[in-house]
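# whatever this is, show me its structure:
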Amino acid sequence: MENAYWVRRTKASLKSAQEATSAEARLIHYELAGRYSLNALAVDTQAIAQADALPFPICTGGRKAAPWRGDAR
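Predicted coordinates for the structure are as follows:
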């Protein structure tokens, strides 16, 4: 959810940069878009790191314990 926010901000800044009338305004909007995209990347990296820190699930019970394989009945 937080990643979606930063991606929206990035797109809005890029659009503002394209519509800007002065070079200074374009530069500012492109700078903001770059910062927002870095924030979005940081959110993704943090989520991956947290997921990697979780232990693997321990499944006992054969086929009934693994519904994600698609062959559980």
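# CA only for contacts and neighbour counts going forward, please
OK.
# in what helix or strand does the closest residue to Asn39 other than its chain neighbours lie?
With C-alpha to C-alpha, 6 or more residues apart in numbering as the criterion, Asn39 has its nearest non-adjacent residue at 6.5 Å, and that residue is Trp6. In the assignment (DSSP states H and E), Trp6 maps to helix 2-19.
# and for Ala49?
Using DSSP H and E, Ala49 falls in helix 23-53.
# could I get the average pLDDT for that helix?
Across helix 23-53, pLDDT averages out at 88.
# tilt between that helix and helix 2-19?
In terms of direction (axes from the mean of the first three to the mean of the last three C-alpha atoms, to 10 degrees), helix 23-53 departs from helix 2-19 by 160 degrees.
# show me what counts as buried in helix 23-53.
By neighbour count on 16 or more other C-alpha atoms under 10 Å, the buried set for helix 23-53 is Arg26, His29, Tyr30, Leu32, Ala33, Tyr36, Ser37, Asn39, Ala40, Val43.
# contacts only, for the nearest residue to Arg9 once chain neighbours are set aside.
The spatial neighbour of Arg9 that comes closest, neighbours along the chain excluded (C-alpha to C-alpha, 6+ apart), is Tyr36 at 6.5 Å. The neighbours of Tyr36, taking C-alpha atoms under 8 Å, 6 or more residues apart in numbering as the test, are Trp6, Val7, Arg9, Thr10.
# which one among these gets closest to Ala47?
Nearest to Ala47, judged by C-alpha to C-alpha, of the contacts of Tyr36 is Trp6 at 14.5 Å.
# picking that back up, now what about the helix holding Trp6, what contacts it?
25-30, 32-34, 36-37, 39-41, 43-44.
# go again with 7 Å.
Applying C-alpha atoms under 7 Å, 6 or more residues apart in numbering, the set of residues contacting helix 2-19 from outside is Ala25, Arg26, His29, Tyr30, Leu32, Ala33, Tyr36, Ser37, Asn39, Ala40, Val43.
# how far away is the third one from Ile58?
Okay, so that is His29. Per C-alpha to C-alpha, to the nearest Å, His29 is found 49 Å from Ile58.
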